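1. coords please:
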Amino acid sequence: MIMLLSLSMVLFYGCNTSANDKDNTEETTSNNNNADVANTEQTKTQEDTDAVNNQHANERTEVNNNGGKEVTALTQYLDFDLDIEYANDISFEVDYEYLGENNIKAEIEDEVNNVRVSGEEAKNSLLKYFEQLNFDENTDESEIVVQILTAFDLTDDFKKFELEVRYNSGTVKEYKIIN
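-> Modelled structure (predicted):
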């Protein structure tokens, strides 16, 4: 009889432990799910912050909707024809055409600083300038002018500013300001 009583107590205790374990398991699962939700929200917030930071980064590389190809400083503008005229018939001109990865035509005629370069040298120079530009077809014209003058280290006392750009999206826009 004592043995039967002992056996019964062990069984009841074992069943009771299983019920507690189940409650503990549910509580732990619930806590883990809450932690997962918190971690997901924290990750989303971090991703949002990273996206904003990347949007304003100096490096001009992003993913384009045209087949997922990277847009870099040299491919953000497929055609870039800039002509800025100053007093005394002094001008600053850039002619750039991206025809493919290994086929880029570039020329800079800078009468302001008495510099004329073309080919690979012009491409390398333009890369440095284009990395400073972050305008697209939706940017206000006055902002584009400011960015270009700043990037190319030019003064704003020009007589005429003309820019024709074919953006990576295929959109062509012309900007013209006469002072």
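2. Tell me where the model's unsure across this structure.
-> 1-71, 73 (pLDDT under 70).
3. what are the ranges of the strands in it?
-> 62-63, 70-71, 77-85, 91-100, 103-110, 115-118, 160-167, 172-178 (DSSP state E).
4. all helices in this protein, in order from the N-terminus.
-> Along the chain, counting by DSSP state H, helices occupy 2-55, 119-130, 141-151.
5. you'd agree Phe158 is up against Ile84?
-> Yes - counting by CB atoms under 8 Å, Phe158 sits close enough to Ile84 to count as a contact (5.0 Å). Every C-beta, even on glycine, is put in place using the N, C-alpha and C of the backbone.
6. Neighbour count: these two, which is higher?
-> Ile84 (26 against 22; other CB atoms under 10 Å).
7. Could you measure from the more buried one over to Gly100?
-> Going from Ile84 to Gly100 by CB to CB, to the nearest Å gives 28 Å.
8. Identify the bridge partners of the residue nearest to Tyr96 when sequence neighbours are not counted.
-> Excluding the flanking residues, the one nearest Tyr96 by CB to CB, 6 or more residues apart in numbering is Phe80, at 4.1 Å. Going by DSSP bridges, Phe80 is paired in beta bridges with Tyr96, Val165.
9. do Glu107 as well
-> Applying DSSP bridges, one finds that Glu107 bridges with Asp95, Ser118.
10. Tally up the residues packed near it, please.
-> 17.
11. Same question for Glu101.
-> 8.
12. gap between the residue nearest to Tyr96 and Ile178?
-> Separation of Phe80 from Ile178 (CB to CB): 20 Å.
13. The two - which one has more neighbours?
-> Under the criterion of other CB under 10 Å, the comparison of Phe80 against Ile178 puts Phe80 first, with 22 against 9.
14. Correct me if wrong: the more buried one contacts Val94.
-> Yes - between Phe80 and Val94 there is a contact under CB under 8 Å: 6.2 Å.
15. joint contacts of those two?
-> Leu126 (CB atoms under 8 Å, 6 or more residues apart in numbering).
16. Next up, the contacts around Ile148.
-> Neighbouring residues of Ile148 by CB under 8 Å, 6+ apart: Leu82, Leu133, Leu154, Leu163.
17. Please type out the PyMOL selection for whichever of those turn out to be buried.
-> To isolate the buried ones among the contacts of Ile148 in PyMOL, judged by 16 or more other CB atoms under 10 Å, type:
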select buried, resi 82+133+154+163
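18. Let me have the contacts of Ile148 in JSON lines, extended by distance to Gly119.
-> Shown next, in JSON lines, are the contacts of Ile148 (distance: CB to CB, whole Å):
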{"residue": "Leu82", "distance to Gly119": "18"}
{"residue": "Leu133", "distance to Gly119": "21"}
{"residue": "Leu154", "distance to Gly119": "22"}
{"residue": "Leu163", "distance to Gly119": "22"}
